[in-house]
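> Sequence plus predicted model, see below.
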Amino acid sequence: MSNYLQDLNTEQQKAVIQINGAIMVIAGAGSGKTRVLTYKIAHLLKNGIRPFNILALTFTNKASKEMRGRIDKIVGGELSKSLWIGTFHSVFSRILRSESEKLGYPTNFTIYDTADSKSLTRSIIKDLQLDKEVYKVGTIQNRISSLKNNFITPQGYNNHPELLQTDTKAKRTEFGRIYHLYQQRCFKSGAMDFDDLLLNTYKLLTEFPEALYKYQNTFEYILVDEYQDTNHLQYLIIKKLAARNENICVVGDDAQSIYAFRGANIKNILNFKIDYPDYKLYKLEQNYRSTKNIVKTANSLIKHNEKQIEKDVWTENKEGESIIICETATDNDEGKLVANTINGLLSDENYNDFAILYRTNAQSRALEESLRKMGMPYKIYGGLSFYQRKEIKDLLSYFRMVINPKDEEALKRTINYPARGIGATTIQKLLITSNENNISIWEVISEIEKYNIKVNSGTKIKLESYVTLIKSFRSQSEEKDAYDLAEHITKSSGLYSLLKSDTSPEGVSRFENIQELLSGMQDFTKNYDGDSTPILSEFMKDVALLTDTDNEKKEDFNKVTLMTIHASKGLEFPYVFVVGMEEGLFPSMMSGNSQSDLEEERRLFYVAITRAEKRLFLSHSNIRFKWGQYIDSDASRFLSELDQRYVSKKNFVKSNTTEISPQKIFAKTKNNYKKTYPAKGFKKISNTNHNIQRSDLTKLKNGQLVKHEKFGTGKIINLEGEGGNKKATVFFNGIGNKQLLLKFAKLEILK
DNA sequence: TCTTCATAGTTTTTT
DNA sequence: ACTATGAAGA
């Protein structure tokens, strides 16, 4: 234990023992990055730095938990307990809980998750009566988020000609108003979204010198993991906090930067040199994780990226086996192949030695099915998380109303669920009044007499009884513990009986989820180690920041892991399968536009490859079931970028396990354009000459007469887009112009 | 006001 | 295939 430094190589040691100053560690995949961070923190503690003066920021909750655990093992649990370790969001939400009043927020502010933000944006677009084709919720939401992450306020936006011009061009002239209203309505709801947690932290540090002073002094030593994935706002916060002591250590790998789409900014690495000219750079290049073949394959791939920091990852590990590339006929075959291969390798390995990685969550289905058929245990990460399920969000919304009744999204979810006869029209009226007076809906309905709302007396009584219900919950929030109150709310709100009465399989599972949440709360209450009663607000503090990966169950230990590549960052497995190596899927067709997007996809593949310790299997399928159709797919360009010396190819296309008739498989055209096949069991739509229509649509020309099931006869007046995204503008008699996506539109070509 | 049915749009990755 | 929305019926 005292010789913990011996576990490190020379370069790692150097990075660990330098206590003061600015340090950047560029760490290749599998080079012991986490080890350096944990040992470094342990080293700081050994040298008398007090744990509450150390701030370590990680990318996921899981990573922070793991890091704390590892530090425990070196220095003992007591010391590690008071370290500030967590994700940016969790650490800063903790700080904001005690400082938010300075910014005008209540200390019990709600954290809006993505669904809440989206719903609020939708509501604003509706209120402003904007065209939701032009103002797409997702696009607007992304834009708001990216502005916030660059510290551009609504005012800042209005003074930014370039940004204004972008929106004018896109005919979204009202964007600024939406953004402004979004912020306003979050604020009056006492709510912060994910981005606000960072934004308000930065505001706190810039506008309140005493707060800045306090936290600069608290955080004598700052360490940041996955630095390549930090965004501009995170950069600003770190810089601010470190400005006093300048003891900052960032660890990252530019080759593994895979969150640019979310605003991660690779410039942060470059800026580091400028901000801390005396910084020390350490490069960890020895890989301890993978075989030579795997390391070399990964290197040969990433070489194709132009933008990168020079480094040479190598390993002393043995050669290992070749990387296997498999071609299969269908995605189901791919699933079977993976399951069979795992089965073959299983002899003395455990299920948890295997991971199946994919680009999109939707791909998990076929894999799940084959694993299930083989009777193999597996666990899936991602997809719809527990906390995002409707029934859980519904119940949590009641809890949120207890903590902070101004929470508009929670109110909208609970006010008429279970149904109380308070419909959309009433809610709309309330919303208008609340917006006019710049107060929350709760304030309107709890003093309904004060506001002249045109609802009939029956509705008014219903509203009053809702208020009484919530108030009765609130009055118990300080005395009852979280579990008791939660159980009480579940029953008195009517949710319990409503869900119990639904005996459909989905209904039963919803009911079980509620019970699972409650039993989780029971555990929380029992195991609470604070001084006071574990009340509901204590439980609710971080719920919005939790994800499924955070509470891994014991029974999930020995299972095959299925997850997206993004989710696999930081993990390692002896055997890794990367499936769906196909053009349009990986690289994703959304990234086809720019060089930088493509480079990010390539880095993503690099991450996937470097998860493997012993063996790596890459597979692609000729036909994939997607959007209710079979789609032809070509092998990913990334496969041909790999150094072929380390790769061996297998072909499973002629396998007789295929469920599709041979004609269809070999009907694949030589040209590259996608040809689709009707899916089996695709009953209703394909009653007419569905097939013929589809393939002919690629030959559409301007002026062509077409027939649409609903709109009747029309004329093509414009065509745009490529391949699967080809869009046609059609003029229909008596209806006008319609934009139709060819892949969905049921158009018939007329002579 | 609530429920049901039909249809239109959608799928990249996540704290 | 799935979800979200909107219109029509109860």
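Sure thing, it's come through.

> My guess is residue A:63 contacts residue A:567. True?
No: using C-beta atoms under 8 Å, residue A:63 is not in contact with residue A:567; the gap is 11.9 Å. Bear in mind the C-beta positions are built from the backbone N, C-alpha and C, glycine included.

> host element of residue A:465?
helix A:457-475 (DSSP states H and E).

> How about that helix and DNA strand B, any contact?
Yes: Helix A:457-475 reaches DNA strand B (C-beta under 7 Å from any atom of the strand) through residue A:459.

> which element follows that helix toward the C-terminus?
By DSSP H and E, the next helix or strand past helix A:457-475 is helix A:482-492.

> Provide the angle between the direction of that next one and the direction of helix A:457-475.
For helix A:482-492 against helix A:457-475, the angle by axes from the mean of the first three to the mean of the last three C-alpha atoms, to 10 degrees is 160 degrees.

> packing partners for helix A:482-492?
helix A:390-403, helix A:457-475, helix A:505-527, helix A:536-540 (3 or more C-beta pairs under 8 Å, 6 or more residues apart in numbering; DSSP states H and E).

> ok, now which ones touch the nearest residue to residue A:400 once chain neighbours are set aside?
Using C-beta to C-beta, 6 or more residues apart in numbering and skipping residues adjacent in sequence, the residue nearest residue A:400 is residue A:410, 3.8 Å away. Neighbouring residues of residue A:410 by C-beta atoms under 8 Å, 6 or more residues apart in numbering: A:110, A:396-398, A:400-401, A:404.

> can you tell if the host helix or strand of residue A:410 touches DNA strand C?
Using DSSP H and E, residue A:410 sits in helix A:408-414. No: on the criterion C-beta under 7 Å from any atom of the strand, helix A:408-414 is out of touch with DNA strand C, staying 11.7 Å away.

> any weak-confidence spans in chain A?
A:1-2, A:383-384, A:547-555, A:591-593, A:628, A:654-751 (pLDDT under 70).

> one step back: neighbour-wise, which of residue A:63 and residue A:567 wins?
Each of residue A:63 and residue A:567 has its neighbours counted (other C-beta atoms under 10 Å); residue A:63 has more, 23 against 20.

> any idea how far the more buried one is from residue A:139?
To residue A:139, residue A:63 is 31 Å away according to C-beta to C-beta, to the nearest Å.

> next one: residue A:225
31 Å.

> Which one's more surrounded, those two?
Legend: neighbour count by other C-beta under 10 Å for residue A:225 and residue A:139, higher for residue A:225 (26 against 14).

> mind checking how far the closest residue to residue A:585 other than its chain neighbours is from residue A:564?
Distances taken as C-beta to C-beta, 6+ apart put residue A:359 closest to residue A:585, at 5.7 Å, once the chain neighbours are dropped. In this view, residue A:359 and residue A:564 are 7 Å apart by C-beta to C-beta.

> What of residue A:335?
On the measure of C-beta to C-beta, residue A:335 and residue A:564 end up 16 Å apart.

> Looking at these two, which is more packed in?
residue A:335 (27 against 19).

> Where does the residue nearest to the more buried one when sequence neighbours are not counted fall, secondary structure wise?
Spatial nearest neighbour of residue A:335, chain neighbours left out: residue A:370 (3.5 Å); criterion: C-beta to C-beta, 6+ apart. Taking DSSP H and E as the criterion, the element that holds residue A:370 is helix A:364-373.

> does DNA strand C sit close to that helix?
No: legend: contact between helix A:364-373 and DNA strand C by C-beta under 7 Å from any atom of the strand is lacking; minimum distance shown is 8.5 Å.

> can you tell if whatever helix or strand comes next after that helix touches DNA strand B?
Per DSSP H and E, the first helix or strand lying C-terminal to helix A:364-373 is strand A:378-380. No: using C-beta under 7 Å from any atom of the strand, strand A:378-380 never reaches DNA strand B; the gap is at least 10.8 Å.

> before we move on, what about stretch A:49-56?
No: contact between stretch A:49-56 and DNA strand B is absent, the nearest approach being 13.7 Å (criterion: C-beta under 7 Å from any atom of the strand).

> next one: that stretch to chain centre, how far?
Chain-centre distance of stretch A:49-56: 29 Å, with C-alpha atoms, centre = their mean, to the nearest Å.

> Pull out the buried positions in it.
Going by neighbour count (16 or more other C-beta atoms under 10 Å), the buried part of stretch A:49-56 is A:49, A:51, A:53-56.

> next one: stretch A:135-151
In stretch A:135-151, counting by 16+ other C-beta under 10 Å, buried: A:135, A:137, A:140-141, A:143-149, A:151.

> neighbouring contacts of it?
By C-beta under 8 Å, 6+ apart, stretch A:135-151 touches A:114, A:117-118, A:121-122, A:125, A:156-157, A:163, A:172, A:174-175, A:178-179, A:182, A:193-196, A:198-199, A:202, A:231-233, A:236, A:263.

> Filter those residues down to the ones in helices?
Judged by DSSP state H, the subset of the contacts of stretch A:135-151 located in helices is A:114, A:117-118, A:121-122, A:125, A:156-157, A:163, A:175, A:178-179, A:182, A:194-196, A:198-199, A:202, A:232-233, A:236.

> Quick one: end-to-end length of stretch A:44-62, please.
22 Å (C-alpha to C-alpha, to the nearest Å).

> let me redo that: stretch A:347-366
For stretch A:347-366, the end-to-end distance is 24 Å (C-alpha to C-alpha).

> That one near DNA strand B at all?
Yes: contact of stretch A:347-366 with DNA strand B (C-beta under 7 Å from any atom of the strand) involves A:359-362.

> Helix, strand, or coil at residue A:532?
The three-state label given to residue A:532 by DSSP: H, G, I helix; E, B strand; the rest coil is coil.

> And it, how close does it get to DNA strand C?
Per C-beta to the nearest atom of the strand, to the nearest Å, residue A:532 is found 38 Å from DNA strand C.

> burial measure for that residue, as a count.
By other C-beta under 10 Å, neighbour count at residue A:532 equals 8.

> Surely residue A:625 forms part of a strand?
Yes: using three-state DSSP, the assignment for residue A:625 is a strand.

> Wait, it touches residue A:331, no?
Yes: between residue A:625 and residue A:331 a contact is recorded at 5.7 Å, counting by C-beta under 8 Å.

> so where do the strands sit in the stretch 551-700 of chain A?
In the stretch 551-700 of chain A, strands defined by DSSP state E, counting those that start in this stretch lie at A:560-564, A:573-578, A:612-626, A:629-632, A:647-652, A:676-678, listed in chain order.

> How about the residue in the stretch 101-250 of chain A that DNA strand C sits nearest to, nearest residue that isn't a chain neighbour?
For the stretch 101-250 of chain A and DNA strand C, the shortest gap (C-beta to the nearest atom of the strand) falls at residue A:122, measuring 5.2 Å. Distance criterion C-beta to C-beta, 6+ apart; nearest residue to residue A:122, sequence neighbours excluded, is residue A:137 at 5.0 Å.

> With residue A:573 instead?
residue A:355 is the one closest to residue A:573 (C-beta to C-beta, 6+ apart), at 4.0 Å.

> Please identify which helix or strand holds that neighbour.
strand A:354-358.

> partners of that strand, with directions?
strand A:560-564 (parallel), strand A:573-578 (parallel) (DSSP bridges).

> ok, and for the last one, which residues are buried?
Going back to what we said before, that points to strand A:573-578. For strand A:573-578, by 16+ other C-beta under 10 Å, it's A:573-578.

> And the furthest pair within these?
Within those, A:574 and A:578 form the most distant pair, 14.5 Å apart (C-beta to C-beta).

> centre of the chain versus stretch A:502-521, how much separation?
For stretch A:502-521, the distance to the chain centre is 25 Å (C-alpha atoms, centre = their mean).

> same deal with stretch A:99-107?
27 Å.

> ok, so what distance separates the residue nearest to residue A:585 from residue A:417?
Counting by C-beta to C-beta, the gap from residue A:359 to residue A:417 is 36 Å.

> of those two, who's got more company?
residue A:359 (23 against 17).

> In this structure the residue nearest to residue A:585 contacts residue A:590, no?
No: counting by C-beta under 8 Å, residue A:359 stays clear of residue A:590, with 10.6 Å between them.
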